[in-house]
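[1] take this sequence and fold it.
(one chain, ligands or ions: 1)
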Amino acid sequence: MAALAPPVAAVRTAVRQALRETGGPVLVACSGGADSLALAAATAFVAPRAGLAAGLVTVDHGLQSGSAERASAVAAWAREAGLAPVEVATVEVGGRSGGPEAAAREARYAALLDAAARLGASAILLGHTRDDQAETVLLALARGAGPRGMAGMPPRREVDGVALLRPLLDVSREETRKACAALGLSPWDDPHNADPAYARARVRSTALPALVEALGAGVVDNLARTARLLAADAAALDEIAASALERARRPGDALDVTELERLPDGVRTRVLHAWARERGAPPAALSHRHVAALDALVTAWRGQGAVHLPGGHLVARRGTLLR
Ligand SMILES: Nc1ncnc2c1ncn2[C@@H]1O[C@H](COP(=O)(O)OP(=O)(O)OP(=O)(O)O)[C@@H](O)[C@H]1O
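    All right, here's what the predicted structure looks like:
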């Protein structure tokens with residue numbers, strides 16, 4: 001028997017570990033790109049041996065010519081590889097806010113979650129790699145996103161009772177390409193990945209290679225490790241903030257300023273952020289500016305007016321209460 005190529009083994013090991021965390025059927029989200037194709041091939045191999053059913057969904061965003069043919073080719077390959085059920089989900093991307101990339105992502109996740117619900121899958125496997133994670137950390141750092149943003153993409157997240165798993169966060173993009181090559185698979189090259197109109201593509205093609213050249217090849221690994229370290233810190237701080245929020249609550253949906261004043265800055269801003277979200281402020285619209293204005297009601301009180309939050313809420317200070 002021919003020896004198994006190391007990249008194929010690396011991807012299979014990563015998938016095997018991720019599948020241990022699932023208790024039911026899984027779905028691979030596959031674009032046909034090298035990352036998710038390597039992921040799908042590994043899942044087709046590993047899942048039956050772990051006694052798990054594994055299917056595949058490929059989303060046709062209808063944004064590029066030939067996208068329908070590509071989606072059917074991915075689906076045909078997946079059936080051949082033994083994945084079942086296999087679905088092509090066609091989505092409408094137009095009419096959403098936040099730019100075409102964000103709109104496509106939103107439509108894709110909605111379609112994937114819908115497929116998981118219909119097909120009774122307990123988890124969706126996504127093909128984000130260590131390189132994607134490093135890019136996410138750099139992008140978050142550059143826009144001043146704070147530790148939660150720089151914590152990058154979590155290896156596991158629950159949405160509507162379905163686990164979104166990213167088994168390849170410790171696998172490099174080069175390994176997924178080599179795994180595809182070793183298995184004789186021809187991945188699709190998404191032209192968006194090289195389109196300089198997208199910030200992520202510019203990070204991929206210019207910023208990260210420049211950093212690697214200046215600081216050494218370990219940079220990608222180190223950025224991914226930064227994400228893991230910050231994710232652990234952010235989770236700990238979120239827990240502390242959740243308890244602090246409970247202590248600060250007063251009847252009538254109010255917060256006690258004297259409780260908030262005692263908190264370290266990093267905990268207090270988290271409490272205010274969480275409380276604003278609870279009041280219905282959409283997380284994407286809730287900016288540092290809003291939280292800083294709420295914080296000023298606590299720490300820089302000089303009788304200023306109410307703070308307007310996205311979602312239409314007003315927060316004012318009355319004596320030692322925020323409401
Ligand atoms: N059209 C699609 N259909 C199904 N899943 C998708 C699709 N596009 C992306 N995904 C899922 O989201 C993951 C991340 O996609 P993204 O486009 O951000 O990264 P990528 O590096 O281009 O990934 P890939 O090389 O697999 O296309 C993919 O690995 C895949 O699991």
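[2] pull the number of nearby residues for residue 117.
    Burial of residue 117, expressed as a neighbour count using other Cβ atoms under 10 Å, amounts to 12. C-beta coordinates here come from the backbone N, C-alpha and C atoms, glycine included.
[3] list of residues touching the helix or strand where it lies?
    With secondary structure defined by DSSP states H and E, residue 117 is part of helix 99-119. With Cβ atoms under 8 Å, 6 or more residues apart in numbering as the test, helix 99-119 has contacts from 25, 27, 29, 55, 57, 59, 61, 63, 85, 87, 89, 91-98, 121-124, 159-160, 162, 192, 198, 200.
[4] cool, stretch 268-285 as well?
    The contact list for stretch 268-285, computed with Cβ under 8 Å, 6+ apart, reads 98, 237-238, 240-242, 244-245, 248, 253, 255, 260, 263, 286, 290-292, 294-295, 298-299, 309-313, 315.
[5] now, those residues that are in helices?
    Among the contacts of stretch 268-285, the subset assigned to helices under DSSP state H consists of 237-238, 240-242, 244-245, 248, 260, 290-292, 294-295, 298-299.
[6] pLDDT at residue 71, what is it?
    Here the pLDDT value assigned to residue 71 is 96.
[7] same question for the one 3 residues further on.
    Among the per-residue scores, residue 74 holds a pLDDT of 97.
[8] and it, how far from the ligand?
    8 Å (Cβ to the nearest ligand atom, to the nearest Å).
[9] so how far is residue 188 from that residue?
    8 Å (Cβ to Cβ, to the nearest Å).
[10] with residue 255 instead?
    For residue 255, the distance to residue 188 equals 51 Å [Cβ to Cβ].
[11] try residue 29
    Computed as Cβ to Cβ, the residue 29 to residue 188 distance reads 14 Å.
[12] those two: which has the busier surroundings?
    residue 29 (23 against 18).
[13] do I have it right that the more buried one meets residue 121?
    No - under the contact definition of Cβ atoms under 8 Å, residue 29 does not touch residue 121, with a separation of 10.5 Å.
[14] domain boundaries for this protein, per the record?
    If you go by automatic domain parsing, the domain ranges for the chain are 6-217, 251-322.
[15] return the residues in contact with residue 194.
    By Cβ under 8 Å, 6+ apart, the neighbours of residue 194 are 201, 204, 205.
[16] could you export these as CSV, including pLDDT and secondary structure?
    Conversion of those to CSV gives the following (pLDDT from 0 to 100; DSSP: H, G, I helix; E, B strand; the rest coil):
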residue, pLDDT, secondary structure
201, 93, helix
204, 95, helix
205, 94, helix
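[17] related to what we said a few turns ago, got a PyMOL select line for the buried ones in the contacts of stretch 268-285?
    In PyMOL, this line selects whichever of those come out buried by 16 or more other Cβ atoms under 10 Å:
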select buried, resi 237+241+244+245+248+255+260+263+286+290+291+294+295+298+309+315
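[18] name the SS class of whichever residue of the stretch 101-250 of the chain sits closest to the ligand, please.
    With distances taken as Cβ to the nearest ligand atom, the stretch 101-250 of the chain approaches the ligand most closely at residue 127, which sits 2.5 Å away. Assigned state for residue 127: coil (three-state reduction, DSSP: H, G, I helix; E, B strand; the rest coil).
[19] hmm, it is touching residue 32, no?
    No - assessed by Cβ under 8 Å, residue 127 is found out of contact with residue 32, at 10.4 Å.
[20] quickly list what residue 86 is bridged to.
    The residues paired with residue 86 through beta bridges, assigned by DSSP bridges, are residue 56.
[21] distance of it from the ligand?
    Distance check for residue 86 against the ligand: by Cβ to the nearest ligand atom, it reads 12 Å.
[22] where does that residue land on pLDDT?
    According to the predicted model, the pLDDT of residue 86 comes to 98.
[23] measure how buried it is and give me the count.
    When neighbours are counted by other Cβ under 10 Å, residue 86 registers 22.
[24] what do you get for residue 258?
    Burial of residue 258, expressed as a neighbour count using other Cβ under 10 Å, amounts to 10.
[25] look up phi and psi at it.
    Torsion angles at residue 258 (phi, psi; degrees, to the nearest 10) stand at phi -70, psi -30.
[26] and the residue nearest to it when sequence neighbours are not counted, how far from residue 268?
    Distance criterion Cβ to Cβ, 6 or more residues apart in numbering; nearest residue to residue 258, sequence neighbours excluded, is residue 320 at 5.4 Å. To residue 268, residue 320 is 15 Å away according to Cβ to Cβ.
[27] what of residue 216?
    With distances taken as Cβ to Cβ, residue 216 is found 38 Å from residue 268.
[28] neighbouring contacts of the helix or strand harbouring residue 28?
    When elements are assigned from DSSP H and E, residue 28 belongs to strand 26-29. By Cβ under 8 Å, 6+ apart, the surrounding residues in contact with strand 26-29 are 19, 36, 39-40, 43, 47, 52-59, 78, 83, 108, 112, 115-116, 119, 121-127, 165.
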